[in-house]
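Visitor: Coordinates for the following, if possible.
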Amino acid sequence: MAIERKERCWAMACGAHNGCKLDDVYCGVGRGNTSFLNSSCPLLEPDDIKSPADFDFGMFVDALKSHVAQNTDFTRKFFNCFWWGWRNLSSLGQNLNTSNSVGEIIFALFISITGLVLVASVISSSIQQFVQSVAGRLEEVRMKRQDIEQWMSHRVLPEDLRARIRLYEQYKWQEKRGIEEEFLISNFPKDLRRDIKRNLCGNLLRRVPLFERIDEQLLDAMYSCLKPVLYGVNSSIFREGDPVDEMLFIMKGSILSTTTHGGTTGFFNSVYLKAGDFCGEELLTWALDPDSSSNLPLSTRTVRASTNVDAFCLTPDDLKCIMSQFRRVHGKQLQHTYRQVQRSSFHRFYSQQWRRWGACFIQAAWRRYYRRKIEKLLQEAEDRLPNLLAKEGSGSLPSLAATVYASRFTANMLGNFRRNHPRNTISSPKLPPLLLLKPAEPDFSVENP
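Guide: Numbers count the residues shown, from 1 in each chain. Coordinates of the predicted model:
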């Protein structure tokens with residue numbers, strides 16, 4: 001096509017020149033004067049054309065300037081043309097400057113459309129692979145949900161329980177997208193698993209005051225034992241009085257921790273735990289104590305997920321094993337670290353057990369103060385009654401009747417208060433003591449043989 005454009009330019013130049021015949025420019029003929037053709041057909045870029053007499057070679061000017069049309073080496077000619085075509089296909093023909101030739105414009109359109117088709121085929125192939133991957137996972141989830149529905153129907157589960165199961169499965173799919181995180185991490189090498197867990201949970205573990213002061217060796221052992229868990233909205237994590245079966249480190253979401261001190265009348269304490277907090281610290285004291293029994297400690301609080309919760313957990317066996325191994329090797333260091341944490345205020349600030357004990361202590365002190373204050377006020381009112389009666393003795397009958405009524409009302413209030421709030425309320429067998437015992441602490445004086 002470049003040669004055809006060159007021939008057209010020569011034909012126009014020959015037609016405008018006297019005594020020129022087009023046959024004279026054919027190869028093998030060589031008759032006549034043809035030297036004027038080169039000056040009449042200069043190879044100008046489309047932007048450099050100023051005169052209407054200049055011929056526009058359009059997008060073929062590069063091929064003519066590079067003399068690829070005159071080259072007889074097929075290899076060089078092939079790769080030069082191949083590169084020109086590939087470059088323009090990849091750019092969708094945006095770099096082509098065409099002339100007003102219809103054939104040239106059609107050829108440029110063909111290049112642009114072919115490039116679009118190639119790009120669309122690549123994109124559609126990628127989209128098809130993605131859709132197939134998503135469809136495969138969706139089909140897997142659909143089959144799993146179908147199995148769950150069949151199982152729930154077989155076990156005749158109530159509808160409210162079925163709804164909770166469906167919500168949990170939906171939340172699990174939204175968070176994991178069908179990927180079993182623990183199985184995926186378990187296929188990595190040991191050092192890579194440890195680094196991944198350190199990146200995910202390092203800050204969570206160091207929020208525990210004791211873990212903040214221990215060395216990396218123990219933390220690395222804990223990283224390998226952390227397991228991801230998910231809890232849906234209103235899921236029960238711990239119940240007050242039940243064994244604590246995990247120590248939980250919250251990554252996302254919030255949970256509500258409440259306690260009634262075993263059903264104590266008038267006692268209620270609640271706190272919201274958010275991302276970065278932990279619960280189940282009863283296991284830590286149990287695991288640190290070398291003389292602890294095999295029975296798990298009982299939960300002092302009821303813990304329930306208020307939102308969807310993504311967390312990591314440590315099981316009692318893993319925590320006990322890690323602490324026992326570390327205690328045998330670094331027993332004195334662990335004892336020193338625990339005592340440092342025990343003396344600091346951070347342990348009491350972060351620990352829910354210490355915060356609960358502090359809340360109970362403050363409530364008990366306030367009730368004692370309130371009871372003494374009311375008793376004092378009523379006693380002062382009772383002591384003032386004789387003086388009031390003496391002053392009103394010479395008064396009118398209505399004033400005396402009002403005074404007698406007030407004295408009886410005050411005496412009744414004082415009697416009712418003393419009956420309902422005896423001085424030995426704290427030790428009364430009818431009402432459990434409001435003040436709790438301090439949280440248990442490990443005894444390092446007893447070591448395992």
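
Visitor: all strands for the protein, in order.
Guide: 227-231, 236-238, 247-252, 255-259, 269-273, 278-279, 302-305, 309-314 (DSSP state E).

Visitor: and Q217, which of the ones you listed is closest to it?
Guide: strand 309-314 (16.4 Å; Cβ to Cβ). Glycine gets a C-beta too; all of them are placed from N, C-alpha and C.

Visitor: what angle do that closest one and strand 227-231 make?
Guide: 140 degrees (axes from the mean of the first three to the mean of the last three Cα atoms, to 10 degrees).

Visitor: Could you name the helices and strands sitting against strand 309-314?
Guide: helix 190-206, strand 227-231, strand 247-252 (3 or more Cβ pairs under 8 Å, 6 or more residues apart in numbering; DSSP states H and E).

Visitor: right, and the strands of the chain - which one's nearest K373?
Guide: Nearest of the strands of the chain (Cβ to Cβ): strand 269-273, 23.4 Å.

Visitor: How confident is the prediction for L256, by pLDDT?
Guide: We have a pLDDT of 90 for L256.

Visitor: Who are the packing partners of the helix ranked longest in the chain?
Guide: In the chain, taking DSSP state H as the definition, the longest helix is helix 102-155. Applying 3+ Cβ pairs under 8 Å, 6+ apart, one finds that helix 102-155 makes contact with helix 74-90, helix 159-176.

Visitor: sorry, back to before: where among the strands of the chain is the average confidence lowest?
Guide: The lowest average pLDDT among those, as it happens, falls on strand 269-273, at a mean of 82.

Visitor: Partner strands of it, with direction?
Guide: Paired strands of strand 269-273, with direction, are strand 255-259 (antiparallel) (DSSP bridges).

Visitor: the inter-axis angle of the strand it pairs with versus strand 247-252?
Guide: 140 degrees.

Visitor: Point to the helix or strand of the protein where mean pLDDT is at its lowest.
Guide: helix 345-350 (a mean of 43; mean pLDDT, DSSP states H and E).

Visitor: still on that earlier bit, quick one, which of the helices and strands packed on strand 309-314 gets closest to K144.
Guide: strand 227-231 (15.3 Å).

Visitor: Neighbours of T285, how many?
Guide: 18 (other Cβ atoms under 10 Å).

Visitor: Over to W86?
Guide: 11.

Visitor: Could you do K274 as well?
Guide: 12.

Visitor: excluding its backbone neighbours, what's nearest it?
Guide: Distances taken as Cβ to Cβ, 6 or more residues apart in numbering put S254 closest to K274, at 4.7 Å, once the chain neighbours are dropped.

Visitor: Go ahead and confirm the one you found touches R304.
Guide: No. Using Cβ atoms under 8 Å, S254 is not in contact with R304, being 10.5 Å away.

Visitor: Done for today, thanks.
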